[in-house]
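# based on what follows, work out the 3D shape:
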Amino acid sequence: MILWILLLLLLLVVFGFGFTLQVLWWVAAVLLIVWIAGFAMRGRGGGRRRYSRR
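Numbering: from 1, shown residues only. As a prediction, the model looks like this:
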């Protein structure tokens, strides 16, 4: 009986990690798209801001 419980817990952990990793891949893809869109919207002239002490 304990062997079955341990086997079911192991399956739950393995499939749980698989689902979590799948969700993290989707989140990473969305963040990458937002990051690239931020570069595209900023344009070429919107690089670093230089502050001079004059």
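# of all residues in this protein, which one is nearest the centre?
In the chain, the C-alpha nearest the mean C-alpha coordinate belongs to Ala28, at 2.8 Å (Cα atoms, centre = their mean).
# list the contacts of that one.
Counting by Cβ atoms under 8 Å, 6 or more residues apart in numbering, Ala28 makes contact with nothing. C-beta here means a position set from N, CA and C on the backbone, and glycine is covered the same way.
# quick one: average pLDDT of the host helix or strand of Leu21?
Following DSSP states H and E, one finds Leu21 within helix 2-42. In this model, helix 2-42 has an average pLDDT of 86.
# chain center to it, what's the gap?
8 Å (Cα atoms, centre = their mean, to the nearest Å).
# what's the neighbour count on Val30?
If you count neighbours by other Cβ atoms under 10 Å, Val30 ends up with 10.
# next: Phe17.
If you count neighbours by other Cβ under 10 Å, Phe17 ends up with 10.
# then Leu32?
Neighbouring residues of Leu32 were enumerated by other Cβ under 10 Å; the total is 10.
# many thanks, we can stop here.
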